[in-house]
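A.B. asks: Dropping a prediction and its sequence here:
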Amino acid sequence: MTALKDYRRLEALGLWRERPEDQRREVIVSLGEATLVMSSAAGDALGHWSLPAVERLNPGQEPALYAPAADSDEELEVGEPEMIAAIERIRTAIAKSQPRPGRLRLALSIGFGLGVLAVAIFWLPEAMIQQTVSLLPQAKRAEIGRQMLSEITQIAGRPCGAPTGREALMQLAARTFGTDAPPRVVVVPATIPDTMTLPGNIIVASADLAEDYETPEVFAGYLLAERIRGAGADPIETFLREAGLAVTLRLLTTGEVRNDAIHGHAARLLSREGVPVSDTALIDSFAAARISSEPYAFARDVSGETVLGLIEANPMRGSAATPVLSDADWVSLQEICAS
């Protein structure tokens, strides 16, 4: 050790006692190979202390007081500055060379803490959302859907409710999706995205889909597209991802959702255009419903250039399709917002 080599021949006088009740005696203090040696004037060794174990009893003060261990009764007083500096330097060098389990524990603790933090940030929210979505009963989904619908209608206006129009709207839903649990379709008068899916099997549609087109196949096509969109992204899951972990945890543990979270999501839905759906999925849906895809395609693009697939693959081309609605029912649906 470099520090020890520098001071190997260093000696100095000191005062040493073996027990507290003993009289202190003058000794010669010398540095050995990792030891501090106390000798009498005659050269008799009185004590050998291991330098790694030596403790400074009065740090920063002089003369310096040392002990061979923290709990030892022995005591050595050294006043020679050069000897004090040598002892301190060697003790510091030895301490730095010793393994420090505390550092390993600290590193492991930090690593574990970072791992827990990473899990909390990246894994826990996703797992919490999936758990909540899988456990949420249909009745609770329907309740949240009704709450969202209430918030939407407060922003966009009351749902259109002409009696004959509502009847025609239910017929359109049954004709498009079948009579086995068709979605509840709600028409809103204000300018909103064409359609949006809410929890509880609810589809909100713009009144433009009834008022601006000549045939009900267009309205039916937008409903089919929205059903595909809703099947690809569970509306409850979408809501929870946007609402955050706190809302998800509260819903999972108490079954309650803050109204401000629902209001915020409703506002975002009203300003968000629906994501595109594939032509293949749409064609399959039109075929299952036995509805022509051409009116819907031309409603999206009058030129037909961007919807050529829907036109060319029309599943009802050359077939006699059952009317979506009678002329009278379609007129009633077009006037659903008139009252």
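C.D. replies: Now that the structure is in, tell me what you want to look at.

A.B. asks: Tell me which residue of this structure is furthest from the middle?
C.D. replies: Within the chain, the residue lying farthest from the chain centre (C-alpha atoms, centre = their mean) is Ala42, at 76.5 Å.

A.B. asks: What is the three-state secondary structure of it?
C.D. replies: Secondary structure state of Ala42, per DSSP: H, G, I helix; E, B strand; the rest coil, is coil.

A.B. asks: how close does it get to Trp16?
C.D. replies: 15 Å (C-beta to C-beta, to the nearest Å). In short, each C-beta sits where N, CA and C put it, glycine included.

A.B. asks: where exactly do the strands run in the stretch 201-339 of the chain?
C.D. replies: If DSSP state E, counting those that start in this stretch is used as the criterion, the strands of the stretch 201-339 of the chain fall at 202-206.

A.B. asks: Report pLDDT for the nearest residue to Pro52 once chain neighbours are set aside.
C.D. replies: Leaving aside its sequence neighbours, Pro52 sits nearest to Ile94 (C-beta to C-beta, 6 or more residues apart in numbering; 4.8 Å). Per-residue confidence (pLDDT) for Ile94: 71.

A.B. asks: Also the one 3 residues further on?
C.D. replies: At Ser97, the predicted lDDT confidence score is 65.

A.B. asks: what pairs with Leu198 across the strands?
C.D. replies: Listed by DSSP bridges, the beta-bridge partners for Leu198 are Ile202.

A.B. asks: correct me, but it touches Gly145?
C.D. replies: Yes: look at Leu198 against Gly145 with C-beta atoms under 8 Å: they come within range, at 4.3 Å.

A.B. asks: before we move on, the earlier item: I'd assumed Ala53 was in contact with the residue nearest to Pro52.
C.D. replies: No: using C-beta under 8 Å, Ile94 makes no contact with Ala53, being 9.5 Å away.

A.B. asks: Please identify which of the two sits among more neighbours.
C.D. replies: Ile94 (18 against 14; other C-beta atoms under 10 Å).

A.B. asks: In stretch 166-186, which residues are buried?
C.D. replies: By 16 or more other C-beta atoms under 10 Å, the buried positions in stretch 166-186 come out as 166, 168-169, 171-173, 175-177, 182-186.

A.B. asks: can you check stretch 323-334 too?
C.D. replies: Counting neighbours by 16+ other C-beta under 10 Å, stretch 323-334 gives Val324, Leu325, Asp329, Trp330, Ser332, Leu333, Gln334 as buried.
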